[in-house]
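Novice: structure for the following, please:
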Amino acid sequence: MKAVVTGASGFLGSRLCAELLREGHQVVAGSRKPVPELIALGARHAPLDLSDRDALRNAFKDADVVFHVAAKTGVWGREREYVESNVTGTRNVLAACEQRRVKRLVYTSSPSVVFDGRDHVDASNDLPYAHDYLCSYPATKALAEREVLAANGRWGLSTCALRPHLIFGPGDPHLVPRLLARARAGKLARIGTGDNEVTLCAVETAVAAHIAAARGLRPDARHAGRAYFIGQERPVRLWDWIDGLLRALDIPPVQRRVPFALAYATGTLCEAIWWLTARASEPPMTRFVALALARSHSYSMEPAKCDFGFREPLGIEAATAAVVASLRS
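Specialist: Next up, the predicted model:
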């Protein structure tokens, strides 16, 4: 199988490329700059910018499957940049798939496309898209996901979308390092009651799901044209998991508690100040972050298991232990 991965320099994209190569597939690693580690493993680098249709068309030549992982992430920033990367960029990927007659496209989406601020516990794939979004990332990812799924069946292309939730693992540059930095600085506080249930996703789990979805993707597949939550089968109590991680790294557990209403009001005020003063930095609190830290958002893996054979490669305990070991070393 010849696979093209957009966003190959990112955390998930690079791990996906490495696993595809380990399985013996041809891999085109699409990113702005080459990734020496992937080239050493046998990947071919394709200079890729989602705004450059010619570059996408060149990269997708003779591709059997495209994994569209690249995206602009985060909870703060100019809306125009999110639209250009996540919406226009995805449209360009679809256009290149059409021109190159690519047969399979697996799109990396996000559970935030359905996050409406309410508790979601063991939620399945039938959750509707949110009506209002509190930041540009979920809004633009929802638009892109809709267009990817709507393209299923066109030009001989089969598509599906995966929604990995809070990806972490050894080498994670985002989730765990940010938590640790805030904890060490004494800036981490429990938001709300502290008993919210959350699904986490080890990077190995996200990689396994992408490959499993691609392997069986065809026009008559049960998962063609559909979106799936991806993560560890057993959810965690978010703040208990964070405290366990801190203790394992000899960092004091979180002591401060902030009522949800206060955190949400602080987020509203911070957003207003940052918007009025045109600051480029991310505010210390936003409405979206307050909700994400206080609400339950756990998801069922049953649809992915039934429809395309998803299997969790390691449990939450082993995945957490691997992170701790990597940080200690």
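Novice: now do the longest helix anywhere in the chain, average pLDDT.
Specialist: Across the chain, the longest stretch assigned as helix under DSSP state H is helix 260-276. Average pLDDT, helix 260-276: 94.
Novice: cool, stretch 201-220 as well?
Specialist: 96.
Novice: got the CA positions of that stretch in CSV?
Specialist: The C-alpha trace of stretch 201-220 is given here as CSV (Å, rounded to 0.1, in the frame of the first residue of the first chain):
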residue,chain,number,x,y,z
CYS,A,201,-6.2,8.6,23.6
ALA,A,202,-2.7,7.1,23.6
VAL,A,203,-0.9,8.0,20.4
GLU,A,204,-0.5,4.2,19.7
THR,A,205,-4.3,3.9,19.9
ALA,A,206,-4.8,6.7,17.4
VAL,A,207,-2.3,5.2,15.0
ALA,A,208,-3.9,1.8,15.2
ALA,A,209,-7.3,3.2,14.5
HIS,A,210,-6.2,5.1,11.5
ILE,A,211,-4.6,2.1,9.9
ALA,A,212,-7.5,-0.2,10.7
ALA,A,213,-10.0,2.3,9.2
ALA,A,214,-7.9,2.6,6.0
ARG,A,215,-7.4,-1.1,5.6
GLY,A,216,-11.1,-1.9,5.3
LEU,A,217,-12.3,1.3,3.7
ARG,A,218,-14.3,0.8,0.5
PRO,A,219,-17.6,2.0,-0.9
ASP,A,220,-19.7,-0.7,0.8
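Novice: wait, isn't L105 in contact with W155?
Specialist: No - using C-beta atoms under 8 Å, L105 is not in contact with W155, being 10.5 Å away. C-beta here means a position set from N, CA and C on the backbone, and glycine is covered the same way.
Novice: now do the shared contacts for those two.
Specialist: Here L105 and W155 have C97 as joint contacts, going by C-beta atoms under 8 Å, 6 or more residues apart in numbering.
Novice: who has more neighbours out of those two?
Specialist: The neighbour comparison of L105 against W155 (other C-beta atoms under 10 Å) goes to L105, with 26 against 13.
Novice: and what about the closest residue to the more buried one other than its chain neighbours, helix, strand or coil?
Specialist: Distance criterion C-beta to C-beta, 6 or more residues apart in numbering; nearest residue to L105, sequence neighbours excluded, is T159 at 4.6 Å. Following DSSP: H, G, I helix; E, B strand; the rest coil, T159 is assigned to strand.
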